[in-house]
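**Q** no sequence on hand, only this structure:
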């Protein structure tokens, strides 16, 4: 998935009101950028952090920049935009570049299911049980090479787990797909200490037959694409 415009570097000043951030461009201008991330963004919002912004000239958009990635001192890239994973996974599904999911004939995004919910992707095939796939963005890492989800309490995330568990109990396949938007992690786990209710819901979902798949990303200021499967530690 290529960005509409190549990203430009900036220095973070602050993040505030959840979806807003101020940053300084290389020419010294201070601008306000949108950040599509409702989470805590642990360790990602320190003033002075190098970030990457996507510019736009759309007259319908009030803000002319969107915060897409962080870059650490050692060159690690971290995707902070939680709207990206569905786009990345959709592109990968259509390209059949996720081997574990490549043999499903039909791919339908945003299908209604459960109680007033929509599954990110419903995969169907005449010879296989329907597969319900929920995608989550992973950007938190508190230990070297280990990514974690969630980064704060997420009642919505727990609700998705309950509904996937119901699908599994009904004889369908159900899967949590965690997309790790970090270039420094090769393992992933659940941060149950940050949200005990999510941790409990996750364990219940696993017991019901919900599957787990974790992939990382290939990232650059030009775009983000699906990377490699990563080990999931329960």
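**A** Good, I have the coordinates. Remember, predicted model here, so these are calculated numbers, not experimental data.

**Q** what's near enough to touch the residue nearest in space to the middle of the chain?
**A** Nearest to the mean C-alpha position of the chain, by CA atoms, centre = their mean, lies residue 137 at 1.7 Å. Neighbouring residues of residue 137 by CB atoms under 8 Å, 6 or more residues apart in numbering: 37, 79, 81-82, 84-85, 149, 179, 181. The C-beta positions use only the backbone N, C-alpha and C, and glycine is treated the same way.

**Q** just list whatever residues bridge to it.
**A** Judged by DSSP bridges, the bridge partners of residue 137 are residue 179.

**Q** what ranges does the protein have for its helices?
**A** 84-94, 155-169, 196-208 (DSSP state H).

**Q** between helix 155-169 and the last one, find me the angle.
**A** With axes from the mean of the first three to the mean of the last three CA atoms, to 10 degrees defining the directions, helix 196-208 sits at 10 degrees from helix 155-169.

**Q** neighbouring contacts of helix 196-208?
**A** By CB under 8 Å, 6+ apart, helix 196-208 touches 150, 153-155, 157-158, 161-162, 164-166, 168-169, 174, 176, 190-193, 212, 234.

**Q** mind giving me the domain ranges of the chain?
**A** For the chain, the structural domains run 8-78, 84-233, going by automatic domain parsing.

**Q** with mean pLDDT and distance to residue 2 added, can I get these in TSV?
**A** Converted to TSV, the domains of the chain look like this (pLDDT from 0 to 100; distance: least, CB to CB, whole Å):
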stretch	mean pLDDT	distance to residue 2
domain 8-78	96	11
domain 84-233	96	4
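
**Q** pull up the gap between residue 157 and residue 37, please.
**A** 14 Å (CB to CB, to the nearest Å).

**Q** can you check residue 210 too?
**A** Taken as CB to CB, the span from residue 210 to residue 37 is 25 Å.

**Q** ditto for residue 100
**A** On the measure of CB to CB, residue 100 and residue 37 end up 27 Å apart.

**Q** swap in residue 171?
**A** Distance of residue 171 to residue 37, computed by CB to CB: 35 Å.

**Q** which one of the two has more residues nearby?
**A** Set residue 171 next to residue 37 and count neighbours by other CB atoms under 10 Å: residue 37 wins out with 22 against 9.

**Q** picking that back up, of all the domains of the chain, which one is nearest residue 1?
**A** domain 84-233 (5.1 Å; CB to CB).

**Q** returning to that earlier point: deepest in the core, which of the domains of the chain is it.
**A** domain 84-233 (a mean of 18; mean count of other CB atoms under 10 Å).

**Q** gap between that domain and the chain center?
**A** Domain 84-233 sits 9 Å away from the centroid of its parent chain (CA atoms, centre = their mean, to the nearest Å).

**Q** gap between the two ends of that domain?
**A** Domain 84-233 has an end-to-end distance of 24 Å (CA to CA, to the nearest Å).

**Q** before we move on, what about stretch 182-199?
**A** 22 Å.

**Q** and what of stretch 73-82?
**A** Stretch 73-82: ends 23 Å apart by CA to CA.

**Q** what do you get for stretch 177-197?
**A** Stretch 177-197: ends 19 Å apart by CA to CA.

**Q** what do you get for stretch 37-48?
**A** Start to finish, the residues bounding stretch 37-48 are 19 Å apart (CA to CA).
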